[in-house]
Structures are given as structure tokens and as C-alpha cells.
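J.: based on what follows, work out the 3D shape:
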Amino acid sequence: MPPEGERDPLRRFRGRLPAPVTVWATGEGRDRRGFTVSSMLVADGEPGLIAGLIDEDSDFSDALVDVFTVNVLTHAHAMMANAFAGVGPAPGGPFTLGEWEQSDWGPVLTGSAGWLGARLVEGEPRHLGWALLMEATIEHIEVTDATAVAHLRGVYRDLREE
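T.: Next up, the predicted model:
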């Protein structure tokens, strides 16, 4: 890795912004696909909306039909985030790294800090930078008492309030 001063300044800037750690998942059974997403925004309204930047070459992007889940990870799931991002080991696939239940929107991670079910808005996703901007209407929300994890400067950090 090059010295910090020689790295891409935009990536260095983005790395200083605490980012949520979520897994967006779709499908069921052997057709389940997921992707770690930190570049995302949740917008309150009627209905609520969610937008995320998805790698167009990801299995998740290829498998997504019209509904998916967004699972908020806890610190216990940090290695799972790496597996779904394709940068960590997952013998048997990343869905073997946790317990998952099937919902009407896709796979739901047991023990997450919360999850939502979403439906893509009509129309083709557009590029935003090198990623696809996926926009969806939020149809279902569940929140737990578990503490979410954030990613900051390459490290997963527990978001417990002190």
C-alpha cells in the first residue's frame, strides 16, 4: 500500500466519514445474493426512501429483481461485511457466516441491529461515479436494541452510546 500522502485524496476524505455497515440482500435459497453497502442514504417521507451505491459488477446487482432487504450489521458481523464485500473469506459463501430467515423482501440476518424491506423505484438505475445508484421505496422496517457498527478509516467501530 502506498504511503498515506500518495493515496487517492478522495478515498482518504471519504475514509474519514463514519459509514454505516449494511448488507443488502435479495433472492432466496441457493439464489440468495448480497453485497456490503456503506454508501447509502435513508430519506424520511411518505413513503420513506433508501438509496445506495452498488457495484454494477456485483452478484447482488445481477440478481436484484425488484425487492431486497437492508440489514444493519453489529460489531459481531464485521467479518461478514468483508465476506459480502468480496474481501474476506467465506467458505461455503457469505450466507453461511450468519443465521438468515426469509422475508417477503429477501434474506434477513438474525441478530442484526435492524432491517428493512424495500422495492426498487421504476426505471433503470443510473451511474453515480463508478457505481449504480439504486433507489427504493421502504415497505417494512424492524429495529432491534443491538448496537450498529460503523466503518471509519479502515476499522469497524462499535457505535455504543456512552
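J.: what sits up against the longest strand anywhere in the chain?
T.: The strand spanning the most residues in the chain, taking DSSP state E as the definition, is strand 131-143. For strand 131-143, the external contacting residues (C-beta atoms under 8 Å, 6 or more residues apart in numbering) are 39, 42, 47-56, 61, 64, 67-68, 103-105, 113-121, 125-127. Using the backbone N, CA and C atoms, a C-beta is placed for each residue, glycine as well.
J.: okay, now the sheet partners of that strand, with direction.
T.: Sheet pairing here is set by DSSP bridges, and for strand 131-143 it gives strand 49-54 (antiparallel), strand 114-120 (antiparallel), strand 126-128 (antiparallel).
J.: which residues sit against the second one?
T.: Translated: strand 114-120. Outside strand 114-120, the residues that reach it (C-beta under 8 Å, 6+ apart) are 50, 64, 66-72, 103-106, 108-109, 134-144, 146, 148.
J.: next, the buried residues of the helix or strand of the chain with the lowest mean pLDDT.
T.: Confidence across the helices and strands of the chain bottoms out at helix 9-15, with a mean of 87, counting by mean pLDDT, DSSP states H and E. By 16 or more other C-beta atoms under 10 Å, the buried positions in helix 9-15 come out as G15.
J.: list the contacts for G34?
T.: G34 makes contact with 23-26, 59-60, 84, 94-95, 107 under the criterion C-beta under 8 Å, 6+ apart.
J.: please repeat the previous calculation with a cut-off of 7 Å.
T.: Taking C-beta atoms under 7 Å, 6 or more residues apart in numbering, we find G34 in contact with 23-25, 60, 84, 94-95, 107.
J.: which of these fall within strands?
T.: Under the assignment DSSP E, these contribute 23-25, 107 to strands.
J.: nearest to L159 among these?
T.: Minimum separation from L159 among the ones in strands among the contacts of G34 (C-beta to C-beta) is found for V23, which lies at 16.5 Å.
J.: give the bridge partners for H151, please.
T.: H151 has these beta-bridge partners by DSSP bridges: A19, Y156.
J.: now do the contacts for it.
T.: Contacts for H151 (C-beta under 7 Å, 6+ apart) come out as 19, 21, 38.
J.: give me the neighbour count for the second one.
T.: By that I understand V21. Residues lying near V21 (other C-beta atoms under 10 Å) number 28.
J.: pretty sure R160 is touching V149, no?
T.: No: the pair R160 / V149 is not scored as a contact, 10.0 Å apart, by C-beta atoms under 7 Å.
J.: these two: which is more packed in?
T.: Neighbour totals were compared for R160 and V149, and V149 leads with 22 against 9 (other C-beta under 10 Å).
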